[in-house]
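In: A predicted structure for the sequence below; I have some questions about it.
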Amino acid sequence: MREAEPGNEWKMDYERKIKEILGPGGTVSRSIPGYEHRHQQVRMAVEVFNAIMSGDRLIIEAPTGTGKTLAYLVAAALSRKRVAISTGTKNLQEQLFFKDIPFVRKNVFPKLKAALLKGRGNFVCHTRFISYMRQPRLEGFGHNDSLKEITEWYRKTVEHGRGDRAEMKTLPDDDPVWPEICSTMETCLGKKCSKREDCFVLKMRARGVQSDLMIVNHHLLASDLTVKESGFGEVIPRYDALIVDEAHGLEEALTQHFGFHFSRFRILRLVRDAKSQLAEMGEKADKFQKTLNAIEIDGRRVFEGLEGLLANVQGQRVLLPRLDLQLGELRDGLSKSLETLGAMLSNLPKAPEEVRSLIPRAELARVELDTILADERNDDYACWAERRDRALILHASPVEVGPMLRSKLYEKVPATVFTSATLSSGGNFDYSKSRLGLDDDPPPTETILDSPFDYSSQTMLYVPRSMPEPNSPGFADALAPVLEKILGHTRGRAFILFTSYRNMQAVHDRMQGRVPYPLLIQGSRPRTRLLQEFKDLDGAVLFATSSFWEGVDVQGEALSCVAVDKLPFAPPDDPILSSRIQRIRNSGGSPFFSLQVPMAVIALKQGLGRLIRTRSDRGVLCVLDTRILTKRYGKIFLKSLYSSPLSRRTHDIERFFEQ
């Protein structure tokens, strides 16, 4: 890898190279018909390159239309360092790997090597697949069609594939066989696995070692940081610099991964695997039967007790209350039985690795159970429960991920770049820096790029003159007639974005048959099909909630209006958010202005960002929550939006489209 020379000559030299690639008449402009030069893109590439070469931290907001992906790819390739690029989703990973990087390789850097890295759960495990196929209980299973497809695919992928489930285009996401045969951390035998040389996960990592760019996602990044700190290997091969794209979603991904998750199914699977592995090694199960039965029975009783404790609690996600005496005793019994199982397995002479792998699983289950259901609340974790498919899942989520990032990432990889179209609130990065642990010394370089779009002529912002308070009973009733007027002026062609399913359904039902446009609603069809129908149908209107607030790209006149029902404040009773609010309050801060308002501002910027995707797009932004103009915090929202002219008359919407 090339290192930077002393002085600033190298910076000036590479700045010229970046301009030759991305500037007017440059390499990229000659490769794309009708390419429009954006000075913001050049500036971003220069700043990302400087951060990588200097080992600095950079936080940079690149509005829609900047071309940030191409900017940081050019910068990373020019650095000649091994760079990991983390994205928010697998879809963005694949777009980078199969679309953007091939373009860069074809037109700019022909020798650029890249690898697509995914979590081990995407790959089949040879050992688990073979073990699963040996199980006699497969006879009469209800998913034989799925198993047949997987078996045929397995034979092919062993010969010339990569073991990635994505190679099976028709396998459903919720296929019941896949969780039994995929690679997992807790079942991996590591160096003692007899199939290690053929391991698809290790082959993927080997491709990463030989590459210049490694394309990962936030969850894989979190897994890698955890594994490297534990000293038990790595998920992502070592890299010199990290670029985090869609960085506004990093905290949520880290919160999910740095926490613990516990379920009754996990206990049952441990017991099942123990019985199966002990039987395979010929060990008599009699001496283990009492302990395994105790784990199974106590596990059932613990979860039944929690169900009773939470029976009258409203909502799907709730903080765990203090355990009563009886439930505490059941927890202690389950914890003791898990400890006993680990000790008994440790004393087995000449136990194979499949059996020995059960020991850390039992110990980890014990530690996490004691953490989640502790008698005294741990202020570092929000301990909560959720109902998922009628099952109760327990969680312990970190209240703050910033300190973890400092120790796991910043101290080891100083060259880190955080970018997104939505990272600032009120014209500064205070919120994002505090959430990502970037508010410490040394401070990061901060850049907010201006938008390449002319919002003053391409858009207008509409806020109604009067509306009921968003939480009032008559809010949905008042929304429908206002939206009817708006859609009459825009001729449909709108996203109506809601902060709750209840409001979405209520307003949709009220408007059904009252407007002469096709009304589509989230949940009626798969997301991709809904989007395609929206683009195909003339004047279509889509009613949607949070999943459509970001990651959706509709260019041209098909989308000419985005309306949001109210400012997207997260529910304050959410268990993780309420714990964070309490943490800030305990330290003497103002959680509303330092946490809740910036969160809502970034969410609003994401939602309204669906409207203008190119310099030729025009449209109306409608915020139907008058608090944006009447409350003191509304000024922060307005300052965070672009310079769209404000109107409070629906008639101005018609005049806007007549221009």
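Out: Happy to help now that I have it.

In: my guess is residue 495 meets residue 560, correct?
Out: No. Under the criterion of Cβ atoms under 8 Å, residue 495 is not in contact with residue 560, lying 9.9 Å apart. Just so you know, the C-beta spots here come from the backbone N, C-alpha and C atoms, and that holds for glycine as well.

In: what sits in contact with each of the two?
Out: Shared contacts of residue 495 and residue 560, defined by Cβ atoms under 8 Å, 6 or more residues apart in numbering, comprise residue 611.

In: Looking at those two, which has the bigger crowd around it?
Out: residue 495 (26 against 23; other Cβ atoms under 10 Å).

In: For my notes, confirm that one occurs in a strand.
Out: Yes. Looking at residue 495 with DSSP: H, G, I helix; E, B strand; the rest coil, it is inside a strand.

In: And the strands in the stretch 51-200 of the chain?
Out: 57-61, 83-87, 114-116 (DSSP state E, counting those that start in this stretch).

In: Then the stretch 401-550 of the chain?
Out: Using DSSP E, counting those that start in this stretch, strands in the stretch 401-550 of the chain cover 416-420, 445-448, 459-462, 494-497, 519-521, 541-544.

In: a markdown table for those, including distance to residue 432 and mean pLDDT?
Out: Formatted as a markdown table, the strands of the stretch 401-550 of the chain follow (distance: least, Cβ to Cβ, whole Å; pLDDT from 0 to 100):
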| stretch | distance to residue 432 | mean pLDDT |
| --- | --- | --- |
| strand 416-420 | 7 | 97 |
| strand 445-448 | 10 | 97 |
| strand 459-462 | 24 | 94 |
| strand 494-497 | 22 | 94 |
| strand 519-521 | 33 | 95 |
| strand 541-544 | 26 | 95 |
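
In: any chance of those in TSV, plus distance to residue 646?
Out: Listed next are the strands of the stretch 401-550 of the chain as TSV, based on distance: least, Cβ to Cβ, whole Å:
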stretch	distance to residue 646
strand 416-420	26
strand 445-448	22
strand 459-462	5
strand 494-497	19
strand 519-521	28
strand 541-544	23
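
In: Can you say which of these is nearest to residue 213?
Out: Of all the strands of the stretch 401-550 of the chain, it is strand 416-420 that lies closest to residue 213, at 13.2 Å by Cβ to Cβ.

In: Quick check on residue 625: phi, psi?
Out: The phi and psi torsions at residue 625 (degrees, to the nearest 10) take the values phi -110, psi 110.

In: Could you tell me which residues make contact with it?
Out: 463, 467, 470, 564-567.

In: where does this structure dip in pLDDT?
Out: 1-10, 136-144, 230-232, 283-285, 313-315 (pLDDT under 70).

In: Where do the domain boundaries of it fall?
Out: 26-113+211-258+401-451, 122-195, 260-398, 455-658 (automatic domain parsing).

In: Thought residue 563 was touching residue 604, still the case?
Out: No. Between residue 604 and residue 563 there is no contact under Cβ under 8 Å: 12.0 Å.

In: can I have stretch 582-592 written out in CSV, keeping just the CAs?
Out: Extracted C-alpha coordinates of stretch 582-592, given in CSV (Å, rounded to 0.1, in the frame of the first residue of the first chain):
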residue,chain,number,x,y,z
GLN,A,582,-33.6,9.2,30.8
ARG,A,583,-29.9,9.0,30.4
ILE,A,584,-29.7,12.6,29.0
ARG,A,585,-32.1,13.8,31.7
ASN,A,586,-30.0,12.3,34.5
SER,A,587,-26.9,14.0,33.2
GLY,A,588,-28.7,17.4,33.2
GLY,A,589,-29.3,17.7,29.5
SER,A,590,-32.4,18.4,27.5
PRO,A,591,-33.4,15.2,25.7
PHE,A,592,-36.1,16.9,23.6
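
In: re the thing from before, with mean neighbour count added, can I get the strands of the stretch 51-200 of the chain in TSV?
Out: Shown next, in TSV, are the strands of the stretch 51-200 of the chain (neighbours: other Cβ atoms under 10 Å):
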stretch	mean neighbour count
strand 57-61	24
strand 83-87	26
strand 114-116	22
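
In: So which of these is nearest residue 520?
Out: strand 83-87 (27.6 Å).

In: That closest one packs against which elements?
Out: Packing partners of strand 83-87 (3 or more Cβ pairs under 8 Å, 6 or more residues apart in numbering; DSSP states H and E): helix 68-79, strand 213-217, helix 218-230, strand 241-244.

In: what residues are shared contacts of residue 604 and residue 563?
Out: What both residue 604 and residue 563 touch, as defined by Cβ under 8 Å, 6+ apart, is the set residue 623.
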